[in-house]
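Asks: Generate coordinates for the sequence data below:
(one chain, ligands or ions: 1)
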Amino acid sequence: MSRRRAPCRRQQAAPRCGAPSGCFWSWYLSRATRGLLSSLHRVCLSPVHRTLPGVPLKTNGLCCCCLSVPSPDASVARVMWTLVGRGWGCARTLARWATGAALGPAPTFGAAPESWPTCRVYSSAEFKEKLDMSRFPVENIRNFSIVAHVDHGKSTLADRLLELTGTIDKTKNNKQVLDKLQVERERGITVKAQTASLFHNCEGKQYLLNLIDTPGHVDFSYEVSRSLSACQGVLLVVDANEGIQAQTVANFFLAFEAQLSVIPVINKIDLKNADPERVENQIEKVFDIPSDECIKISAKLGTNVESVLQAVIERIPPPKVHRKNPLRALVFDSTFDQYRGVIANVALFDGVVSKGDKIVSAHTQKTYEVNEVGVLNPNEQPTHKLYAGQVGYLIAGMKNVTEAQIGDTLYLHKQPVEPLPGFKSAKPMVFAGMYPIDQSEYNNLKSAIEKLTLNDSSVTVHRDSSLALGAGWRLGFLGLLHMEVFNQRLEQEYNASVILTTPTVPYKAVLSSSKLIKARRAVQKNMIFIDQNRVMLKYLFPLNEIVVDFYDSLKSLSSGYASFDYEDAGYQTAELVKMDILLNGNTVEELVTVVHKDKAHSIGKAICERLKDSLPRQLFEIAIQAAIGSKIIARETVKAYRKNVLAKCYGGDITRKMKLLKRQAEGKKKLRKIGNVEVPKDAFIKVLKTQSSK
Ligand SMILES: Nc1nc2c(ncn2[C@@H]2O[C@H](COP(=O)(O)OP(=O)(O)OP(=O)(O)O)[C@@H](O)[C@H]2O)c(=O)[nH]1
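Replies: Alright, predicted model coming up:
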């Protein structure tokens, strides 16, 4: 007897009813509760929905319609009809889920209950209206960055702006939401500029506010300068207690040179020691901005943050762009997604771009088809099109990281345009060698470095190799923190472990045996009094003196009050020496360093001591020496020793002896021979670590 199986849910006829009835919604909920609720969550979080009168958001992402009606079925129905009635096609998505129509034709809606708004059926084209960015004419767009000195509250202010515009919920967990990277969360600093598009309703007009939260530390200033290219204004945030600091000045001048509107925002007015009036005076004196233009806020408590939004609309001009011209889009940032390829952040200076368009990269001249365009809200939110003046993202099947250059111009196929100026390339200040711990990991590490440098284009990469550490790269960074963060991101985001060699700075050497070069210490260039308590000092320093621990020493000496910024002042003559490390008279190439003459002895001694601790004793004595030219400045000795692996084998079994000797021979393969001395790889790593901590 054949058994008939009960029809599965998908085979059951989906109810097609007009007004939501009990059975319709029960079926709907039982079938796709999870998917539905997550969809509903998005709907309710959508700023569009937020603007519906009488539908305020609740903290868990659902709107009050969902929460205020006792029965979940009824609440879902109510949300759907409310949305439909207001003309938002997202109800169609709900209906698709409700009837299983994602697998078949879209459902037809009948009349809504009398007390609810009238509904209509949306075609799929109309459905896309929700994300139709054409509803933001150029005059309703404001593109701005938040810039400040470290910890003055940029990310906290960004949180409040996201909350005020309904982009995120106001919950305890929503802190520094634009600091998305693990390294940012762990270190509590921003290292990567992040974009968010906010939809804001002001006096009956819908505004599109594109906000870029930037890092404050000097090592990431390249992120700031790039972000400013997509903006017409900046919020210059100044701590009401600390006042103007080094990066405040540096960032102001970046914005000033780019001719952007600057809105000074004095933050942390809630602090006990806050003195906003003093900071106002500083701002007037140093930047020549009238003190009445300063907005005093507490980003933490949300005090007066609405005035910031108002000022953004009133004081920052809309972008000057032409939508009717052919597309001209600047790639100002990009990331790599292993499934979708390169995701390029673009600012549109002219024209329109939509899914399906054929675009060309001015840099590579390659043509691509656009798979997706959208805005960051703050997560990716696909849109139908992006228009000139807007900032968003674009995915166009670029699978290779070298195809998406930051600063590149994208244009439509067969409609070439003059490329945008792009960006000045970053000038690395600190260099270090990077090697895989295990050479078999070389290709994986190569791919990881390529992907990460796509997201951090200020790092320079050149291939390098070392006899001790194998094939690797020579990387250039903007500072020591930048180097540490890059290394940490490699580990956290790409699961790569690497050996980083001593950070060094670039030198220009005149190769002459007789010429000695006169040393130069820091030279004071000028001194400006910002107010009664603050002074700005300018010095010319040897770069090597400041990259490693200068910042920390300055902070501890001044109890945290002094701040520091630097820029490249070109090459200067200095009394530098090349220090060799010798093992039994043979130079160890990996440990050759350039050091200041006065520090050569202490550094040489430390390296010799560490090498002595790391070298295994061998059959002969090993002399470890630090030398400048032919002059030995430090020496350590490793005493002779013979390890007799057969010592414990008394007579007998020859196979056991062979095994022990074989194991010893294998161990020796991991050693590098310098002259007659065998050096394990670990020894190099330990010594290089000492040098970097010096
Ligand atoms: N009391 C007080 N603290 C604030 C206020 N705004 C920010 N903070 C605190 O200041 C610290 C730094 O805030 P962030 O928003 O991370 O500063 P940031 O400028 O983004 O920092 P970086 O991106 O690393 O330069 C955090 O501990 C915040 O809680 C404020 O208005 N009042």
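
Asks: helix, strand or coil for Ser425?
Replies: coil (DSSP: H, G, I helix; E, B strand; the rest coil).

Asks: ok, it - how many residues close by?
Replies: 12 (other C-beta atoms under 10 Å). Using the backbone N, CA and C atoms, a C-beta is placed for each residue, glycine as well.

Asks: now it: how far from the ligand?
Replies: 24 Å (C-beta to the nearest ligand atom, to the nearest Å).

Asks: what does Leu591 give?
Replies: 36 Å.

Asks: For the residue lying closest to that residue once chain neighbours are set aside, name its beta-bridge partners.
Replies: Distance criterion C-beta to C-beta, 6 or more residues apart in numbering; nearest residue to Leu591, sequence neighbours excluded, is Ile581 at 4.0 Å. According to DSSP bridges, the residues that bridge with Ile581 are Ala626.

Asks: Does Ile581 touch Val595 like I think?
Replies: No: using C-beta atoms under 8 Å, Ile581 is not in contact with Val595, being 11.6 Å away.

Asks: list residues touching both of the two?
Replies: Taking C-beta atoms under 8 Å, 6 or more residues apart in numbering as the contact rule, Ile581 and Val595 both touch Gly604.

Asks: need the contact list for whichever residue of the stretch 201-350 of the chain sits closest to the ligand.
Replies: Nearest residue of the stretch 201-350 of the chain to the ligand (C-beta to the nearest ligand atom) works out as Gly216 at 2.5 Å. With contacts defined as C-beta under 8 Å, 6+ apart, Gly216 is in contact with Val147, Ala148, His149, Val150, Asp151, His152, Lys154, Ile189, Thr190, Gln247.

Asks: okay, the last one: pLDDT?
Replies: If you check Gln247, the pLDDT there is 85.

Asks: what about it, which SS state?
Replies: helix.

Asks: For it, the count of nearby residues, please.
Replies: Count around Gln247 with other C-beta under 10 Å applied: 24.

Asks: going forward, begin numbering at 669 instead of 1
Replies: Got it, the first residue is 669 from now on, which makes the last one we talked about Gln915.

Asks: That one and Asp819, how far apart?
Replies: From Gln915 across to Asp819, the span is 10 Å (C-beta to C-beta, to the nearest Å).

Asks: So Ala967 versus Val933, what's the distance?
Replies: 8 Å.

Asks: and this protein, which of its residues are near the ligand?
Replies: 816, 818-824, 844, 857-858, 883-884, 935-936, 938-939, 966-968 (C-beta under 6 Å from any ligand atom).

Asks: which of these are buried?
Replies: 816, 818-824, 844, 857-858, 883-884, 935-936, 966-968 (16 or more other C-beta atoms under 10 Å).

Asks: that older thread, for the residue of the stretch 869-1018 of the chain closest to the ligand, which non-adjacent residue is closest in space?
Replies: Val818 (3.8 Å).

Asks: how many neighbours does the nearest residue to Gly1009 once chain neighbours are set aside have?
Replies: Sequence neighbours aside, Lys1067 is the residue nearest to Gly1009 in space, at 4.6 Å (criterion: C-beta to C-beta, 6+ apart). When neighbours are defined as other C-beta under 10 Å, Lys1067 has 10 of them.

Asks: And Lys1067, how close does it get to Glu1118?
Replies: Taking C-beta to C-beta as the measure, Lys1067 falls 12 Å from Glu1118.

Asks: One more: Val1260?
Replies: Distance of Val1260 to Glu1118, given as C-beta to C-beta: 29 Å.

Asks: just Phe1197 next, same as before
Replies: 48 Å.

Asks: now do Glu948
Replies: Taking C-beta to C-beta as the measure, Glu948 falls 47 Å from Glu1118.

Asks: The two: which is more packed in?
Replies: Per other C-beta under 10 Å, whichever of Glu948 and Glu1118 has more neighbours is Glu948, with 22 against 14.

Asks: can you confirm the more buried one is in a helix?
Replies: Yes: counting by three-state DSSP, Glu948 is located in a helix.

Asks: which is the next helix or strand following the helix or strand Phe812 falls within?
Replies: Applying DSSP states H and E as the criterion places Phe812 in strand 809-816. As assigned by DSSP H and E, the chain's next helix or strand after strand 809-816 is helix 822-832.

Asks: so what's the backbone phi/psi at the residue of the stretch 669-818 of the chain found nearest the ligand?
Replies: The stretch 669-818 of the chain approaches the ligand most closely through Val818 (4.1 Å), counting by C-beta to the nearest ligand atom. Main-chain torsions, Val818, degrees, to the nearest 10: phi -50, psi 130.

Asks: residues contacting it?
Replies: Ile857, Gly884, His885, Gln913, Gln915, Ser1231 are the contacts of Val818 under C-beta under 8 Å, 6+ apart.

Asks: which among those residues gets closest to Lys873?
Replies: Looking at the contacts of Val818 and their distance to Lys873, the nearest is Gly884, at 32.5 Å (C-beta to C-beta).

Asks: and the residue of the stretch 1169-1318 of the chain found nearest the ligand, what element?
Replies: In the stretch 1169-1318 of the chain, the residue that lies nearest the ligand is Ser1231 (11.6 Å; C-beta to the nearest ligand atom). Under the criterion DSSP H and E, no helix or strand holds Ser1231.

Asks: what number of residues lie near it?
Replies: Neighbours around Ser1231, by other C-beta under 10 Å: 21.

Asks: try the one 4 residues further on
Replies: Neighbourhood size, Glu1235 [other C-beta under 10 Å]: 9.

Asks: does it count as helix, strand or coil?
Replies: Recorded secondary structure, Glu1235: coil (three-state DSSP).
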